[in-house]
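Quick one: sequence and predicted model below, then my questions.
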Amino acid sequence: MQFKDLNIMPEILRALKNENYKIPTPIQEEAIPVVLSGRDLLGCAQTGTGKTAAFAIPTLQMLSGEETPRWEKRTIKALVVTPTRELAIQIYDSFNTYGQFTDLKSCVVYGGVSQKPQEENLKRGVDILVATPGRLLDLMDQKIVNIEKIKILVLDEADRMLDMGFIHDVKKIIARTPAEKQTLFFSATMPPDIAKLAAKILKNPEKIEITPAATTVEAIEQYLYFVDKGNKKDLLLHILKTKDLDSTLVFTRTKHGADRVVRQLSKSNVVAQAIHGDKSQGARQRALNDFKDKKLRVLVATDIAARGIDIDELACVVNYDLPDVPETYVHRIGRTGRAGLEGIAISFCDFDEKAQLADIEKLIGKKLTEVADHPYPLQNNFPSVKATQPKRGGGKRADQAGAAQGPAKKKEKKAVPGTVESEERLSKKSQSTGARTPKKSRPSEALQSKKTSSQGSRRQTETSISSASSPHKTPAPAARSQTKRPAQGAPSSNRAPAQGAPSSNRPPAPAAPTPKPASTPKPTPPQPTPSPQKRRRNPFSGLLRKPGGGFR
């Protein structure tokens, strides 16, 4: 079957002839009649099967019969939502190519560049708008884009939009479209969330599944190299030098990994460039153009940035890092083996990636062809776990560890044995533990003697002061301790004065009562008693303040 057998209008057939397109691909052959009939479509086809033309050609033909008069402003009649900038540009170019002999105008909007030129194109009026979700929502919020009157909605690479976190934005966009419209839904894989979304927005759709989601293109030869992670760059150089590969697309897991591979290849005089999200749109487009024009031998890309790569004669795809999602493997190798040509897919696998390899082989339903004869075989048959050293000084981790163990215990002050404090603490401890309270030990005799001596000295001092200030009063009798024998070992020079005699400057301290000695205590010298001091006259007592301030 040829394109002319699909009831396509002459203007589009002329454009296809200029591009030397005569025979449609399987998905084009099945999808174009369904779209022209006005039915919703659910297309499950992987990248490289020609699905862009499968919805672009019938969309152009259906809108051509409703061209807007020249004196009226064009309104958006068809909206195509796609995940990445590169893919949006590719679809926009396809609409311009197939519709070059029609009067329809197309426009593409995407983030990462200035909004002003896109805004000016939209104000002039467009019939077909190709957009990424983020920039489209921004323009809609600014009242620059109105999609309330569209007739055809196309969601391309729906599964990739789910992986990139755009699914909520897509739902917001769908909510602003009219209820009566034709929806074309395309996805390479059909995870549960995508199947649920398709069932919600499609009305009695026609399902076309050209290539099952779990299979890969049979024309692609898939090889597997087991290699240590540190030897991947050397193995890549070995393959590039020994294999006759004109153009090679290398996939890495991260942006930093892509830049690192480019630096390593450049040191070995291999012309290579990287495309990823940190690159500007101009730099990414220049790298793609150089790769298509054979100016670059190797293009290193991340999964997101590679979605817009459309090269018919791509010789080889190298999975430098195996993807975490097995469906991504299907997207990657779908870049080669297009248009019926043969392709090669090479995958590197270290010990840590064996789990991803098992998921991929389970998805595609077959084992990859292992290549064991190469100079860098796998040596380390153990996981490469990095040992993490704890930081010195504690910090946040120490706080978290302390919180997990509970509140810190208050440091108790060490009690002196034989004191009342130590006995009370011991008593409390025994009560809390339920143990038998031990018998209280008697305080040391030295401390008891010292305490009694100081009390007696204080009473003598008070008596002396009282007798000195009141000479007519009868002095208080001497302490009862005068008749008692002095403590053992106490000096006998401090005798009590006779009754009625004036007190000396150093009254003797009364002897402490003889304790029941458990052991012979050390002699405690008597504490000196401070002599009473005469009250001094205040030299400033005559200077009194006036009521209004100042001195008299």
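Arrived safely.

need the contact list for residue 99.
For residue 99, the contacting residues are 11-12, 15, 56, 60, 106, by C-beta atoms under 8 Å, 6 or more residues apart in numbering. Bear in mind the C-beta positions are built from the backbone N, C-alpha and C, glycine included.

again, only using 10 Å
Each residue near residue 99 by C-beta atoms under 10 Å, 6 or more residues apart in numbering is listed here: 11-12, 15, 56-57, 59-61, 63-64, 105-106, 127-128.

which two of these lie the greatest distance from each other?
Across the contacts of residue 99, no pair lies farther apart than 57 and 105, at 17.0 Å, counting by C-beta to C-beta.

More neighbours: those two, which one.
Of the pair residue 57 and residue 105, residue 57 is the one with more neighbours under other C-beta atoms under 10 Å, namely 29 against 17.

which SSE is the more buried one in?
Taking DSSP states H and E as the criterion, residue 57 maps to helix 51-64.

Could you point out the helix or strand that follows that helix?
Counting by DSSP H and E, the element after helix 51-64 in chain order, helix or strand, is strand 78-81.

partner strands of that following strand, parallel or antiparallel?
Its sheet considered, strand 78-81 pairs with strand 128-131 (parallel), strand 152-155 (parallel) by DSSP bridges.

possible to save those as JSON lines with mean neighbour count, distance to residue 99 and mean pLDDT?
Formatted as JSON lines, the strands paired with strand 78-81 follow (neighbours: other C-beta atoms under 10 Å; distance: least, C-beta to C-beta, whole Å; pLDDT from 0 to 100):
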{"stretch": "strand 128-131", "mean neighbour count": "26", "distance to residue 99": "8", "mean pLDDT": "96"}
{"stretch": "strand 152-155", "mean neighbour count": "22", "distance to residue 99": "14", "mean pLDDT": "96"}
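
Just put these in a markdown table and tack on distance to residue 288.
Below are those laid out as a markdown table (distance: least, C-beta to C-beta, whole Å):
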| stretch | distance to residue 288 |
| --- | --- |
| strand 128-131 | 17 |
| strand 152-155 | 23 |
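
so which of those strands gets nearest residue 39?
strand 152-155 (11.8 Å).

what's next to that closest one, contact-wise?
Contact with strand 152-155 is made by 35, 38, 40-41, 52, 55-56, 58-59, 62-63, 77-83, 91, 128, 130, 147, 161, 170, 173-174, 177-178, 181-187, 194, 197-198, 201-202, as judged by C-beta under 10 Å, 6+ apart.

Likewise for stretch 364-373?
The contact list for stretch 364-373 (C-beta under 10 Å, 6+ apart) reads 212, 214-216, 221-226, 239, 326, 329-330, 333, 345-347, 349, 357, 360-361, 377-378.

same check, this time on stretch 116-127
Residues from elsewhere that reach stretch 116-127, judged by C-beta under 10 Å, 6+ apart: 59-60, 63-64, 66-68, 72-78, 95, 99, 102-110, 115, 129, 131, 135, 139, 142, 144-146.

residues of that stretch that come out buried?
118, 121-122, 126-127 (16 or more other C-beta atoms under 10 Å).

try stretch 266-283
Of all the residues in stretch 266-283, those buried under the rule 16+ other C-beta under 10 Å are 270, 272-276, 279.

How about stretch 93-100?
Burial within stretch 93-100, assessed by neighbour count using 16+ other C-beta under 10 Å, is assigned to 94-96, 98-99.

Now go through those and say which are in strands.
Counting by DSSP state E, the buried residues of stretch 93-100 place none of their members in strands.

how deep is the nearest residue to residue 24 once chain neighbours are set aside tucked in, by neighbour count?
Counting by C-beta to C-beta, 6 or more residues apart in numbering, residue 24 lies nearest to residue 3, which is 5.7 Å off, once chain neighbours are set aside. Look at residue 3: counted by other C-beta under 10 Å, it has 20 neighbours.

Residue 3 reaches residue 20, doesn't it?
No. Counting by C-beta atoms under 10 Å, residue 3 stays clear of residue 20, with 11.5 Å between them.

Show me how the chain divides into domains.
What the record gives for the chain is the domain set 3-209, 220-370, from automatic domain parsing.

Sticking with residue 49, tell me its helix or strand.
According to DSSP H and E, residue 49 maps onto no helix or strand at all.

Wait, it touches residue 330, no?
No. Here residue 49 lies out of contact with residue 330, judged by C-beta under 10 Å, at a distance of 11.8 Å.

Tell me, please, where in the stretch 301-450 of the chain the pLDDT is lower than the cut-off.
Residues of the stretch 301-450 of the chain that meet the criterion pLDDT under 70 lie in 305-310, 312, 339-340, 381-450.

repeat that for 80
Low-confidence segments of the stretch 301-450 of the chain (pLDDT under 80): 304-313, 327, 331, 337-342, 380-450.

and residue 146, what is it in contact with?
For residue 146, the residues meeting the contact criterion (C-beta under 10 Å, 6+ apart) are 75-76, 122, 139-140, 176.

How about residue 50?
Contacts of residue 50 by C-beta under 10 Å, 6+ apart are 21, 24-29, 31, 210, 338-339.

give me that answer again for 8 Å
Neighbour list for residue 50: 24-25, 27-28 [criterion: C-beta under 8 Å, 6+ apart].

try residue 57
8, 12, 16, 28, 32, 98.

Could you do residue 259 as well?
By C-beta under 8 Å, 6+ apart, residue 259 lies in contact with 274, 276.

SS state for it?
For residue 259, the assignment made with DSSP: H, G, I helix; E, B strand; the rest coil gives helix.

do the one 10 residues further on as well
Using three-state DSSP as the criterion, the local structure at residue 269 reads coil.

pLDDT at it, what is it?
You'll see residue 269 listed with a pLDDT of 91.

Please apply the same query to residue 246.
pLDDT at residue 246 comes out at 80.

out of the contacts of residue 57, which is most surrounded?
Ranked by the number of neighbours (other C-beta under 10 Å), the contacts of residue 57 place residue 28 first, at 26 neighbours.

From residue 108, how far off is that residue?
22 Å (C-beta to C-beta, to the nearest Å).

What count of nearby residues applies to the nearest residue to residue 206 once chain neighbours are set aside?
Excluding the flanking residues, the one nearest residue 206 by C-beta to C-beta, 6+ apart is residue 34, at 4.6 Å. Neighbour count for residue 34, taken as other C-beta under 10 Å: 20.

pLDDT score for residue 34?
For residue 34, the pLDDT comes out at 94.
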